[in-house]
Every structure is written in structure tokens, then in C-alpha cells.
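**Student:** sharing a model that was predicted from the sequence below.
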Amino acid sequence: MATILSTDVLCKAHGPLMLFEKAMLSFDEHDKIGFIGRNGAGKSTLLNIITGHEEADSGTVSKHPNLRLGYLKQLDAFEPEETVLAFLLRQSGKPDWFCGKIGAQFELKKEKLETKIASLSGGWQMRVKLAALLCQEPNFLLLDEPTNFLDLNTQLLLEAFLRDFHGGFLIVSHDREFLKNTCTHTLELEHGLFTFFPGDIETYLSFKEEQLAFKIKFNQKIDTEKKKLLTFVERFGASASKATQAQSKLKQMRKLKTMEIKHRLKSVRIVVPTVDPRKTFAVKAQNLTVGYGDKIIAKDIQFEIDRGQKVALLGQNGAGKSTLLKTLAGLLEKKDGTFAWNNRTEFAYYDQHTAEKLHPQDTISSYLTRQLAHDLPPEVIMRMAGNFLFSKDDLDKTISLLSGGERSRLAMAGILLQRPDVLLLDEPTNHLDLETVEALGEALKNWNGTVIFVSHSRTFVNLIATRILEVRDGSLRVFPGTYEEYVYQLQEEEGLNVASSPLPSPQDEERESALTKAERHEKIKELKRAIIKVEKELDKLEEERSALMKLFTQDPLTFDLERTRTLTRLETMIPHAESEWTRLTEELEGLSKNPS
């Protein structure tokens, strides 16, 4: 595979903070890479440097002449009065029929194409950006948090598109499930260093843990050996008869080197203050109608949510999920019907604007102090700040100095300090890094309070949802199954599930029955020869992979680019060979079972 994009000794700092130094990266034309790292590590900065929106301090970016780069960034590029079609035309330079064809893949049809982008929800705006990206016919994509504000239906369409995309891509995402479903390689930026791994995110994180455990165990062994040698030297160093041996032991000690373990990033561990357990309902609704202004979004809504349940509100963007949540929070007036909270229920509401409303001149300490519930001790503030990665030295920082991700973490910490019985959360994971998303999910899963939430993060919903309510076609239904079953149903509806063994068509059956005995015999011989050939090829590829993996095991700390590339090639070729073997075997079995 040809290298289509690379960096040479790339350096970038923000003030005194060095984001990365002497970065040597190389991306092939078919690499499908998940890019992970903490908020503020420099992931978006690298993408901006590659696209020319930001300059590196030193070093170069090299692009192959055939590279057609498609870039999806976090910030919008829409003009105030621009319609969907006008934006697609401006971004791509393609004719309107072509833009309409691409837009239709994301349900951007007819009147939607003439709609002003500013009037669309965040999810629909993301669809517009994705359509504009594809209109440019790129062969390598840079996607910065593509699932933010993207509903599950569109996520599934995007996943299917990326799986079938013939080019390569580099995706920044905090959603492990999305990365698992789309990426075969992993790139991490940590401590200013890039680590490229020829495997998916699950394999990489396991490998990383194993490496850390190996280093710790190795260093413990070295420390034990040094103590033994030091004991010998101290005991016999003054003895004339043992002086030579003591000097030899000192030399041995100097040669014993421990493995460097860089200062580990502070681990996110979130603890939510428990609430008084009560076995009763939290909220119930009867014939509820919700909307805003003169517009009705959903009606005939009926449900009862018990205390302690973790309820996911799912559905397409614009269906009414956020409207329902705001109505329950009292931010919107109900249009008709009734809903009632249990009279002893305290709730807190969080949405994407909560962090934006924090006062810029407030300090972290003063904000958290005001949020603290009256029955919680003051020391909880420091503990909660630490939960969300704010140190003691950070407490005097003003909010104006915080990044978007830090503000989101601070706003969530403040809400948890209120110690509500119920959390109403609208997209709580946007702008949080992967580790914080998963830590928050684990904390809420183990919390004894009630959570009613809207989220398009597959990982987050998988972690905590105990019940699914779907807003669809202007009403609400209780989905009877699990979240995995819900996702499967949507895939079926979108036509994204491919049957593993499709039924033969009548034409296939006629063609098969038309084979003469001699033709069938010859076909069987041909298939057997092909199977033997593929098996030999598989054995050769497996041997080559085993030899490489042995080298990785013997020398796990040395990064060899050529060795990594070879392993990546093998990891691509082996599944293809296995798939071909399965196809040939099934065809042979079909002919053998149906002799003429």
C-alpha cells in the first residue's frame, strides 16, 4: 500500500505546553485509524496542521499527489443565511443533481435541501457537513468527533459508509463502540508522543495494560536484585577477602536499569453522592403533548418511570427527545395532558448549553461551592473536583481559562454536587474524552438515583440504560428489549444487516439444476483445487504472522515501522483469505449435497 500522507519531525506547542515533538507519522491509502487521547492533548491541532488551518512550529507535512483529502471539523463552516443545497454546492463545486444525490443518503431531500442550515438541529447540521464532505469525493478522510449530535440512525449509516469506504481515514472520537465498528488501527497521543498500533481500540488498550504491567513487574524484579547486591556490598565491602567481589557487585548494580514508566495520566474515577432509597415512582405522564411555540412535536405520551431506573430517550434528531426532556425539567410548558414528579423528588438538568452558561470570571472553587448540597460536607468539593481531573492548584483558576472539555466536566461536577434524586441529561458526553465518558457511565450505572437521558454515544448508552423509550412519528413507545436489540432493529430498518447465507434465487436454482453430471464433477474438482490453494496461502500467511508476533513478544518496547506495516498487511490479507475459503467451502458443500 502506498503512503498517502506523512509528517516529518513535526512539532507544536501552545504557550509553555508542548503538544507533540518530532512527530513521525505515516498513513497508507487504506488505513482506517481511530485517534484517541485526552481533551487538550493536541488531536484536533494535528488535524488542523494537516489541512493547513494551523501552522506547525517546525517540521513538515507531505501529501501524495493523488491525495484528495476530506476534512470534517468540529466548528461549523456555514454562512448565516445559507441553505443546505447552497452549502453543498459551495463546498464541493459539483452540480446540484450530484449534491442532491449525495444528500439523499442522509435524508436531505426535497424541502430539506432548501432549508436554512441555521434553523436545523445539531444532528441535521452534522448530516449536512457529512454530505458536503462526500460531495468532494475524497480518498482519505479526517473526521473530528463525527458522532457529536448525530442520531443513531445516521451513525449506523455513517458506520456502514466507513466500513465500505475504499479510501482511508483518521477519526477522532470519544465513542469506543463507534471506533470498534469502523477502525482497524489505533493512534494515541499521550505525553506529547504518538503511538501507532496495528489493531483496533480494544486490542490496543489491552496491549497497553499488558505493557504497563510488564514494566512494573520488571522494575520490581530489578529493585529486588539491587537490594540483594547492596546488602552484600554493605556487609562485605570492608573485608579484604571480599573486596574484589564487592566491587564486582557494585558494577552489576550500575548495569541494572529499570524501564522508564512515564508519569501516568491521572485516572478518571467518578463517585456520585448516593440518594435516599425510596421504592416508588419518580415521574409519570398521561396523554402528554409536548412542543414549543405553536408547534406540536409529540403527543399521547404515556409512561411511568420508577426510582433508580436509567432510561434512554432514543429516536431521530427532531423527533422530540430534547423537547420532552425540557418539558419534564420545566423549561418548556406542556401543550396538553399531564405529567407529575413524585412530591419528594429533586432533579437537575444538563444539556449542551449548561457549560456555556458558566460565568467566565467565576473560579472552579467558587462555582463548586455554590452547587454543594446543604447536607454534604465541604470536603466533598475537593473530592468531586478530583473526580473530574481538577487538582487542588486548579481550584483558583477562572472558568475563562478552561477548554470546552474542561467546562463540560466542571458543569457535570457541579450538577452531581447538588445531590439530586433524578438527573435529566441531554447529550452529556459531547466534548468529553473517551476515558471521562466511560468513567461517567460506570458511575451512573452504579448510582442508586434515577437517570433520564438523551445520548447518541453507543458506549454510554450501553453502559447505563436499563430501559428504552423511543420518540418516533410524533409519539412515544416503550421498547421491550435491550439496547443491543434496539440497535439491531434499526439496522434492519435501514437495510444494513446482511444475511450470512442468503437464499438462492430461482435463477440460481435453475442454473444449478441445469448442470450435467460431468459438469458438476468437474466443478467439484475445480473447487477442491481452489480450496487447497487458499489453505496453503492461509498457512503461509499465518506462519508469517506468528513469526512477527514472536518478534513483538521478544522485543515489545521497540517500535519498528516496517515490521508494523507488514503485520498490518497480514491482518488485512488473512481475513480476506478466510472469507474466500468459507465461500468456496459452502459452494462445494452445496454441490455435494445436491447430486444430479
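**Tutor:** Alright, I've got the coordinates.

**Student:** hey, let's count contacts and neighbours off CA atoms from now on
**Tutor:** Fine.

**Student:** where does Glu21 land in three-state SS?
**Tutor:** The local conformation at Glu21, judged by DSSP: H, G, I helix; E, B strand; the rest coil, is strand.

**Student:** show me what the helix or strand where Ala348 lies is packed against.
**Tutor:** Assignment of secondary structure by DSSP states H and E places Ala348 within strand 347-350. With contacts defined as 3 or more C-alpha pairs under 8 Å, 6 or more residues apart in numbering; DSSP states H and E, strand 347-350 has these neighbours: helix 404-417, strand 422-426.

**Student:** worst mean pLDDT among these?
**Tutor:** Among those, helix 404-417 carries the lowest mean pLDDT, at a mean of 89.

**Student:** got the angle between that helix and strand 422-426?
**Tutor:** On the basis of axes from the mean of the first three to the mean of the last three C-alpha atoms, to 10 degrees, helix 404-417 is oriented at 160 degrees to strand 422-426.

**Student:** which strands and helices sit next to helix 404-417?
**Tutor:** Against helix 404-417 (3+ C-alpha pairs under 8 Å, 6+ apart) you get strand 347-350, helix 364-371, helix 379-387.

**Student:** select, out of the ones you listed, the one closest to Leu10.
**Tutor:** Closest approach to Leu10 among the helices and strands packed on helix 404-417 (C-alpha to C-alpha): helix 379-387, 33.2 Å.

**Student:** could you list the low-pLDDT ranges of the stretch 201-350 of the chain?
**Tutor:** Residue ranges of the stretch 201-350 of the chain with pLDDT under 70: 211-216, 218-219, 229, 232-233, 235-247, 249-268.

**Student:** for it, just list every one of the strands.
**Tutor:** 281-292, 295-306, 310-314, 336-341, 347-350 (DSSP state E, counting those that start in this stretch).

**Student:** how about JSON lines for these, with mean neighbour count and distance to Leu591 added?
**Tutor:** JSON lines is the format used below for those (neighbours: other C-alpha atoms under 10 Å; distance: least, C-alpha to C-alpha, whole Å):
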{"stretch": "strand 281-292", "mean neighbour count": "19", "distance to Leu591": "60"}
{"stretch": "strand 295-306", "mean neighbour count": "17", "distance to Leu591": "55"}
{"stretch": "strand 310-314", "mean neighbour count": "24", "distance to Leu591": "47"}
{"stretch": "strand 336-341", "mean neighbour count": "15", "distance to Leu591": "63"}
{"stretch": "strand 347-350", "mean neighbour count": "19", "distance to Leu591": "61"}
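
**Student:** looking at those strands, which is nearest to Ala41?
**Tutor:** Nearest to Ala41, of the strands of the stretch 201-350 of the chain and by C-alpha to C-alpha, is strand 347-350 at 25.5 Å.

**Student:** in its sheet, which strands sit next to that closest one, and in what direction?
**Tutor:** strand 422-426 (parallel) (DSSP bridges).

**Student:** which residues are in contact with the strand it pairs with?
**Tutor:** 282, 322, 325, 329, 345-352, 449-455 (C-alpha atoms under 8 Å, 6 or more residues apart in numbering).

**Student:** and the buried ones among these, selectable in ChimeraX?
**Tutor:** Buried residues among the contacts of strand 422-426 (16 or more other C-alpha atoms under 10 Å), as a ChimeraX selection:
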select :282,322,325,329,347,348,349,350,351,352,449,450,451,452,453,454,455
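
**Student:** before we move on, the earlier item: the helices and strands packed on helix 404-417: lowest mean pLDDT?
**Tutor:** Of all the helices and strands packed on helix 404-417, helix 379-387 has the smallest average pLDDT, which comes to a mean of 90.

**Student:** quick one, that one and helix 364-371 angle?
**Tutor:** If you take the same axes, to 10 degrees, helix 379-387 sits at 130 degrees to helix 364-371.

**Student:** list the contacts of helix 379-387.
**Tutor:** By C-alpha under 8 Å, 6+ apart, helix 379-387 touches 268-271, 368-369, 372, 391-392, 410, 413, 417.

**Student:** can we see that at 10 Å?
**Tutor:** Residues outside helix 379-387 that contact it (C-alpha atoms under 10 Å, 6 or more residues apart in numbering): 266-273, 364-365, 368-369, 371-373, 389-392, 394-395, 409-410, 412-414, 416-417, 436, 439-440.

**Student:** list buried residues within the residues you listed.
**Tutor:** Buried among the contacts of helix 379-387 (16+ other C-alpha under 10 Å): 268-273, 364-365, 368-369, 371-373, 389-390, 395, 409-410, 412-414, 416-417, 436, 439-440.

**Student:** now the end-to-end length of stretch 395-413.
**Tutor:** 13 Å (C-alpha to C-alpha, to the nearest Å).

**Student:** residues in contact with the residue most central in space within the chain?
**Tutor:** By C-alpha atoms, centre = their mean, the chain has its centre lying nearest to Asp175, at 2.1 Å. Asp175 makes contacts with 36, 145-148, 429-430, 432-435, 437-438, 456-460, as judged by C-alpha under 10 Å, 6+ apart.
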